[in-house]
Every structure is written in C-alpha cells, then in structure tokens.
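1. Sharing a model that was predicted from the sequence below.
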Amino acid sequence: MPRRIVIAVTGASGAVYGYRLLQKLREQENLQIHLVMSRAAEKTSKLELNLLVKDWKLLSDYSYQIEDIASRLSSGSFQTDGMAICPCSIHTLSAIAMGVSSNLIVRAADVCLKERRRLVLAVRESPFHLGHLRAMTAVTEMGAIVAPPIPGFYHKPQTIEDLVDHSVHRIMDLLGVPHPQTSRWQDINEDSKDAQQE
C-alpha cells in the first residue's frame, strides 16, 4: 500500500511553498497525495502564481472540497501517514489550537492529532503577537510540529526557488518522506579534517 500524505493549502501568502511541496512529493515513489485547498488559498494561488485549482489537482491523487466535512479525511479509520498545511494561515492555526473543526482542513488536522499522526504546520505570518505564539504553543503541546518556512543559507542559494526548496525539503523530512536533493549541513570541522588528510 502506498504511503498516504494529506496536503492542505490555506490562504496565507506563500502559495509557492504549497505548490512546490506538491511538485516534490509527486516525484516520490509509492506515495498517495490527498489535497484540500481553502477558498482563500484558491484566490492567493491566482494572485501569486496565476494558477487555478485544476493546476493543483493535477499534482494530487485525490482532492476534496473544503466544505466536505463528511470526507474520509474526517475519520480516524481512514489511515494516513501524515499531513502538512503549507502555507498555514493564523486563522487555521488558531482553529486547530482550539479544536474548532469548522472545515475539512481543520478536521483532518484534528484527526491527525487525535490519532497521534504527524502534523506539520508551515505557519506564514510575521511578526507574531502573543495570541499567535500561544496558539503555536498549544498545537505543539497537542503534538503538531510548527515549521515556518524560514530558509537557511548554508546551502548558498542562488535563486528564489533554491530558498523555497530549502523549506519544502525540511517539511518533507518532517513528514518522513525525505527528498534526495535535500541540502544538509556538513560539519565544517569534518571538512577541515578531510582537507588536512588530503
């Protein structure tokens, strides 16, 4: 059976992170992708990427309407291997923190938490006020992983895509589906020892 990964996209700025995540997951073998987009995400996708919902659906195996609260993603009996909300709006983060399952994204996230499955939230907002931080603390205590798309620079990025991919690859690591092209930190002390030995 292929591994099932749920990808949700909200209306926070940074639609490119969600789209690139889907592209990278699509490259993986033996992976089944389930996609849910909010209405705000559809608008942000058009504004930032000039992409329509159908463009996103092409990268998934199954897609669901956000209003479809009776979807199989709403049930813990439908086994999945993890979920990422990328990007994750503060609205969605707060709803998850309070257990307010008013749509399929929040309900699917709630299922991951109650079934002790991996849930990664790529929160896209800055700066944070105390309410945001408390919501992040709450979901972390509930078992979620808060992973804002904050790029590193040790891999010497040359393009915006390099910066995006760095965050996307970290999210894939957290989902347990690492990408083979992920740039990883190399211990500079080890590099120095290798150079001395040569």
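-> Now that the structure is in, tell me what you want to look at.
2. Going by contacts, tell me the helices and strands next to the biggest helix by length in the chain.
-> When the chain is parsed with DSSP state H, its longest helix is helix 160-175. Packing contacts for helix 160-175, counted by 3 or more C-beta pairs under 8 Å, 6 or more residues apart in numbering; DSSP states H and E, involve helix 15-26, strand 83-88, strand 119-123. Bear in mind the C-beta positions are built from the backbone N, C-alpha and C, glycine included.
3. separation between residue 137 and residue 128?
-> 11 Å (C-beta to C-beta, to the nearest Å).
4. Check residue 170 too.
-> 19 Å.
5. just residue 142 next, same as before
-> Distance from residue 142 to residue 128, counting by C-beta to C-beta: 18 Å.
6. Repeat that for residue 18.
-> Here the criterion is C-beta to C-beta. By it, residue 18 lies 20 Å from residue 128.
7. quick one, which of these two is more surrounded?
-> Applying other C-beta atoms under 10 Å to residue 18 and residue 128 shows that residue 18 carries more neighbours, namely 32 against 14.
8. who's in contact with the more buried one?
-> Residue 18 sits next to 7, 9, 41, 56, 86-87, 122 when contact means C-beta atoms under 8 Å, 6 or more residues apart in numbering.
9. And it, how far from residue 63?
-> 13 Å.
10. now residue 127
-> In terms of C-beta to C-beta, residue 127 sits 33 Å off from residue 63.
11. what does residue 38 give?
-> Residue 38 is 13 Å from residue 63, by C-beta to C-beta.
12. Over to residue 161?
-> With C-beta to C-beta as the criterion, residue 161 and residue 63 are 25 Å apart.
13. Show me which of these two is the more surrounded one.
-> residue 63 (17 against 12).
14. Please name the nearest non-neighbouring residue to residue 100.
-> Spatial nearest neighbour of residue 100, chain neighbours left out: residue 106 (6.5 Å); criterion: C-beta to C-beta, 6 or more residues apart in numbering.
15. Can you give me the neighbour number for the one you found?
-> Neighbours of residue 106 using other C-beta under 10 Å come to 25.
16. again with residue 68
-> 14.
17. Backbone dihedrals for it, both of them.
-> Phi and psi for residue 68, reported as degrees, to the nearest 10, are phi -80, psi 70.
18. Over to residue 181: give its phi and psi.
-> phi -90, psi 10.
19. which element is residue 4 on?
-> strand 3-9 (DSSP states H and E).
20. Is residue 75 in contact with residue 111, as I believe?
-> Yes: counting by C-beta atoms under 8 Å, residue 111 is a contact partner of residue 75 at 6.9 Å.
21. Which of these two has more residues huddled nearby?
-> Legend: neighbour count by other C-beta under 10 Å for residue 75 and residue 111, higher for residue 111 (21 against 13).
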